[in-house]
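Chemist: Using only what follows, build the 3D model:
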Amino acid sequence: MYSYVKSYFEQGGMQMQFNMVNSQVLRDAMANPDQYRNLLVRISGYNAYFVHLNREMQMELIERTEYGLSGC
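Modeler: Below you'll find the model as predicted:
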């Protein structure tokens with residue numbers, strides 16, 4: 001992970017953010033919001049409670065989490 005971050009910034013990267021949950025957890029939070037009231041996610045410079053986001057934003061975060069995983 002260190003090498004990934006270091007390389008990104010050495011190549012001119014400006015910022016990076018990490019959500020340390022997988023898409024399965026996020027989908028479960030959508031289905032069972034009462035069990036995930038304290039689940040925080042990072043969105044472009046601020047934190048938000050996942051279950052308080054609208055469905056469109058929740059799906060966008062899930063898609064970001066899954067981006068590039070189909071070839072793994």
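
Chemist: Packing partners of the helix-or-strand element of the chain with minimal mean pLDDT?
Modeler: In the chain, no helix or strand scores lower on mean pLDDT, DSSP states H and E than strand 40-43, which sits at a mean of 89. Strand 40-43 sits against strand 46-49, helix 55-66, with contacts defined as 3 or more CB pairs under 8 Å, 6 or more residues apart in numbering; DSSP states H and E. Where C-beta positions appear, they are placed from N, C-alpha and C, glycine not excepted.

Chemist: what comes into contact with that strand?
Modeler: With CB atoms under 8 Å, 6 or more residues apart in numbering as the test, strand 40-43 has contacts from Q17, F18, N19, V21, L26, N47, A48, Y49, F50, L53, M57, L61.

Chemist: Going along the chain from the one helix or strand Y8 maps to, find the next helix or strand for me.
Modeler: Taking DSSP states H and E as the criterion, Y8 maps to helix 2-10. Next helix or strand after helix 2-10 toward the C-terminus (DSSP H and E): helix 23-31.

Chemist: Not counting its own residues, what contacts that following helix?
Modeler: In contact with helix 23-31 (CB under 8 Å, 6+ apart) are residues Q35, Y36, L39, V41, F50, V51, R55, Q58, L61, I62, T65, E66.

Chemist: List just the nearest of those residues to Y4.
Modeler: T65 (16.3 Å; CB to CB).

Chemist: Distance of V21 relative to Y36?
Modeler: Remark: distance between V21 and Y36 (CB to CB, to the nearest Å) = 10 Å.

Chemist: and Q24, how many neighbours does it have?
Modeler: The number of residues packed near Q24 is 11, by other CB atoms under 10 Å.

Chemist: Hmm, I typed the wrong one, I wanted H52.
Modeler: Neighbours around H52, by other CB under 10 Å: 11.

Chemist: just checking, Q58 touches H52?
Modeler: No: using CB atoms under 8 Å, Q58 makes no contact with H52, being 9.7 Å away.

Chemist: for the chain, which spans come out with low pLDDT?
Modeler: Residues of the chain that meet the criterion pLDDT under 70 lie in 19, 68-72.

Chemist: Compute the distance between Y67 and Y46, please.
Modeler: Counting by CB to CB, the gap from Y67 to Y46 is 21 Å.
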